[in-house]
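Engineer: how would this look folded up:
(chains A, B and C)
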Amino acid sequence: QAACISPTPGITEFVGTAMGDTIGLVIANVDPILHEKMKLDPRFRSIGILGGRTGAGPHIMAADEAVKATNTEIVAIELARDTKGGAGHGCLILFGAEEVSDARRAIEVALKELNRTFGDVYANDAGHIELQYTARASYAINKAFGAPLGKAFGIVVGAPAAIGVLMADTAVKTANVEVVTYASPAGGTSFTNEVIITITGDSGAVRQAVIAAREVGRKLLETMAGPAPSLTTPYI
Amino acid sequence: QAACISPTPGITEFVGTAMGDTIGLVIANVDPILHEKMKLDPRFRSIGILGGRTGAGPHIMAADEAVKATNTEIVAIELARDTKGGAGHGCLILFGAEEVSDARRAIEVALKELNRTFGDVYANDAGHIELQYTARASYAINKAFGAPLGKAFGIVVGAPAAIGVLMADTAVKTANVEVVTYASPAGGTSFTNEVIITITGDSGAVRQAVIAAREVGRKLLETMAGPAPSLTTPYI
Amino acid sequence: QAACISPTPGITEFVGTAMGDTIGLVIANVDPILHEKMKLDPRFRSIGILGGRTGAGPHIMAADEAVKATNTEIVAIELARDTKGGAGHGCLILFGAEEVSDARRAIEVALKELNRTFGDVYANDAGHIELQYTARASYAINKAFGAPLGKAFGIVVGAPAAIGVLMADTAVKTANVEVVTYASPAGGTSFTNEVIITITGDSGAVRQAVIAAREVGRKLLETMAGPAPSLTTPYI
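Structural biologist: Below is the predicted model of the structure:
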């Protein structure tokens, strides 16, 4: 289940795979016709491509580390309704770069981060909860949610959505945080069965809010369908 | 599979669970910041939360009985694209109340009704059909579909959507009913693979139309993939 | 798995079933109220109904052959987010006809074509790729994608969407083709986890582009999750 930065399967654009049915690719020179159809910024001839069937939060957090570490920009974050029959999103994230080596490096970093960023995803047959936290949000988080750069940031997700409402309420009551976004099945999601809030503020407060939401969300999910273990190892 | 109004799992907001991976919760005082982000009516400090992975019709009908029986209002009905890989919706329904005891009572009533309102859902590997009927529509049905209050009301659903088209045609040809809404994958659904009509009119006519649609829909579904039993016990 | 144009199960509107949990139906005289709610063209009293849980491309290509062969028109192509937990679409396609015999014939042709048009769909646990090709696009393809009538036409689909990006880039670099549409999770799909391009041009070029995309897409999909066989028999 760990990221696999493997020898390419005879395809120079292949970078690696990771959990969540994730694949990482690069294109050194995007075809000009396609470049235009994809509405890519003309500055970038190279792109890095990160996409998975399960997970949007884990990939956005991983991409955030990748943009911090490389000379790339996030040019698109698109969320499919997926998770292979689950309640959440899949994703397609594109990095723009002037050099393909930068795009490749970004994808490598992101693939390696995913094992960590899936750590506070907990799932069972009834649904899932997801928590994310960073002390310093960068450009991927800013692009995805409009969250302020350089500040602590957290994501609180509950599915089915009913659980997410209570997790959100718990988070904002626990500590003095600011709500950046509120998303629900009819608005802000791709019709997933989730309620998602994103929060910012003092790093201690954000972390405390996220942890409190995790406790209540996990208890509710486990009341519905038994043990809901972490998909990897909790990091928050 | 019956509604389980159980002792809370250490969380005062927990009310119970029911089939369709449904959970019922209450919040006595929604956090003011979240209250605003959720765009809740300022009159309601308490909310009841009903959400499930599978089912929207069953939950809306159950919520309709709950608002009839309690001092609450329906403040939101949101439909996810879900059913855990099936062809239909999941849902998030919010009740507003001035007192948390009213919100809790509404959720209790709704959870208990679900066993009945899943009674005319029939499913097999190819899809599902769903029928609903009430002699007197109340505020949840009015909120969800704009159907007239106090009149007989029916829902006819077929999935895959092709089946729903023939069920809809059968329903309106069978008896003198008025079509309230017509929804299909590209409009009025959350991209589900369903055609859904809602009807109103004389109670005998609505019931007759719904039953005729059920007969044809079930035959078609069973032609595709064998027996399509009721999920609980038919009530119409 | 072949199309089954069977004796009706006691329902005169039933035509047959085919793979992809597909059903074909006709209605000789659509009820006038429903006709209006469905916003059907008043010219057509009869409709043919083709719908499936899995597949939109295969059905659109099959419908294209059906309109070529019969006196019918395509009046609606609606794409659900479906594939039973997979990454793609399901569909509902409506044919309009003045005579029910024409509608029935169109559905029969389409059901028979599906076995072929699923031939370049390759799938495994990680996702799917799909290729379609015709030397001469007709009205279904024109309705669905706006592609020019009478010209060669191809569809290139990759899921997860990341794979589709590289397939698209490969296709347009391989031969001198024109891109008709580009669709991705956030635009042009029903939130599927796919990137889809459609192409037109010289028939040799379109075919060559589609084949090149197939090679790279299949390798990537198989790198993710092992063998990804054709669902039936490749035709391109």
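Engineer: dump the residue contacts of A:Gly85.
Structural biologist: Counting by Cβ atoms under 8 Å, 6 or more residues apart in numbering or on different chains, A:Gly85 touches B:84-85, C:84-85. (Each C-beta comes from the backbone N, C-alpha and C, glycine too.)
Engineer: mind listing the helices for chain A?
Structural biologist: Counting by DSSP state H, chain A has these helices, from start to end: A:32-37, A:57-69, A:100-117, A:139-145, A:161-174, A:203-225.
Engineer: Which of those sits closest to chain B?
Structural biologist: Smallest distance to chain B across the helices of chain A (Cβ to the nearest Cβ): 2.8 Å, for helix A:161-174.
Engineer: Between all of the contacts of A:Gly85, which two are at the greatest distance?
Structural biologist: Spatially, the most separated pair among the contacts of A:Gly85 is B:Lys84 and C:Lys84, at 10.2 Å (Cβ to Cβ).
Engineer: just to revisit the earlier point, generate JSON lines for the contacts of A:Gly85, with pLDDT as supplementary columns.
Structural biologist: Below are those laid out as JSON lines (pLDDT from 0 to 100):
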{"residue": "B:Lys84", "pLDDT": "98"}
{"residue": "B:Gly85", "pLDDT": "97"}
{"residue": "C:Lys84", "pLDDT": "98"}
{"residue": "C:Gly85", "pLDDT": "97"}
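Engineer: and which of the residues you listed is nearest B:Gly154?
Structural biologist: The closest of the contacts of A:Gly85 to B:Gly154 turns out to be B:Lys84 (Cβ to Cβ; 25.9 Å).
Engineer: any idea how far A:Thr17 is from that closest one?
Structural biologist: B:Lys84 is 25 Å from A:Thr17, where distance means Cβ to Cβ, to the nearest Å.
Engineer: So for the two, which sits in the more crowded spot?
Structural biologist: Neighbour tally, B:Lys84 and A:Thr17, criterion other Cβ atoms under 10 Å in any protein chain shown: the higher count belongs to A:Thr17, 22 against 18.
Engineer: bridging residues for that one?
Structural biologist: Counting by DSSP bridges, A:Thr17 forms beta bridges with A:Cys4, A:Ile23.
Engineer: correct me, but A:Ala228 touches A:Leu221?
Structural biologist: Yes - judged on Cβ atoms under 8 Å, A:Ala228 makes contact with A:Leu221 at a distance of 4.5 Å.
Engineer: shared neighbours, the two?
Structural biologist: A:122-124, A:128-129.
Engineer: Check these and tell me the two furthest apart.
Structural biologist: Longest span within these, Cβ to Cβ: A:Asn124 and A:Ile129, 9.9 Å.
Engineer: which intervals of chain A have sub-threshold pLDDT?
Structural biologist: By pLDDT under 70, the low-scoring segments of chain A are A:1-9.
Engineer: give the contact list for the residue sitting nearest the centre point of it.
Structural biologist: Geometric centre of chain A, nearest residue: A:Gly57, 2.3 Å, by Cα atoms, centre = their mean. A:Gly57 is in contact with A:117, A:121, A:130, A:132, A:155, A:157, counting by Cβ under 8 Å, 6+ apart.
Engineer: ok, A:Ala161 to B:Leu220 distance?
Structural biologist: According to Cβ to Cβ, A:Ala161 and B:Leu220 sit 32 Å apart.
Engineer: If you count surrounding residues, which of the two has more?
Structural biologist: A:Ala161 (32 against 27).
Engineer: my guess is that one contacts A:Ser184, does it?
Structural biologist: Yes - counting by Cβ under 8 Å, A:Ala161 does reach A:Ser184; the two are 6.0 Å apart.
Engineer: what touches both of these two?
Structural biologist: A:194-195, B:78, B:92.
Engineer: okay, the residues you listed in JSON lines with distance to A:Arg53 and neighbour count next?
Structural biologist: Formatted as JSON lines, the shared contacts of A:Ala161 and A:Ser184 follow (distance: Cβ to Cβ, whole Å; neighbours: other Cβ atoms under 10 Å in any protein chain shown):
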{"residue": "A:Glu194", "distance to A:Arg53": "16", "neighbour count": "32"}
{"residue": "A:Val195", "distance to A:Arg53": "22", "neighbour count": "30"}
{"residue": "B:Glu78", "distance to A:Arg53": "24", "neighbour count": "22"}
{"residue": "B:Leu92", "distance to A:Arg53": "24", "neighbour count": "27"}
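Engineer: farthest-separated two in those?
Structural biologist: So, the shared contacts of A:Ala161 and A:Ser184 by Cβ to Cβ: farthest apart are A:Glu194 and B:Glu78, at 10.7 Å.
Engineer: Identify the contacts common to the two.
Structural biologist: A:161, A:184-185.
Engineer: which among these gets closest to chain C?
Structural biologist: A:Pro185 (12.1 Å).
Engineer: Spatially nearest residue to the closest one, not counting backbone neighbours?
Structural biologist: In space, and not counting its chain neighbours, A:Pro185 is closest to B:Ala80: 3.8 Å by Cβ to Cβ, 6 or more residues apart in numbering or on different chains.
Engineer: wait, isn't the one you found in contact with B:Gly86?
Structural biologist: No - the pair B:Ala80 / B:Gly86 is not scored as a contact, 12.0 Å apart, by Cβ under 8 Å.
Engineer: Of those two, which one has the most company?
Structural biologist: B:Ala80 (31 against 23).
Engineer: Tell me the bridge partners for the more buried one.
Structural biologist: Where B:Ala80 sits in a bridge, its partners, by DSSP bridges, are B:Gly90.
Engineer: Could you check how far it is from A:Val156?
Structural biologist: Applying Cβ to Cβ to B:Ala80 and A:Val156 gives a distance of 17 Å.
Engineer: now A:Ala162
Structural biologist: Distance of A:Ala162 to A:Val156, given as Cβ to Cβ: 14 Å.
Engineer: So between those two, which is more surrounded?
Structural biologist: A:Ala162 (31 against 28).
Engineer: show me the contacts for the more buried one.
Structural biologist: Contact analysis of A:Ala162 by Cβ under 8 Å, 6+ apart lists A:195, B:23-25, B:49-52, B:92.
Engineer: if we can go back for a sec, Serialize the contacts of A:Gly85 to TSV and add fields for distance to A:Ala62.
Structural biologist: Putting those into TSV (distance: Cβ to Cβ, whole Å) gives the following:
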residue	distance to A:Ala62
B:Lys84	27
B:Gly85	26
C:Lys84	29
C:Gly85	24
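Engineer: interface residues of chain A facing chain B?
Structural biologist: For chain A, the residues in contact with chain B (Cβ under 8 Å from any Cβ of the partner chain) are A:81, A:84-87, A:125-127, A:160-163, A:165-166, A:168-169, A:172-173, A:178-179, A:182, A:184-187, A:189, A:191-195, A:197, A:216, A:219-220, A:222-225.
Engineer: I appreciate the help and will end here.
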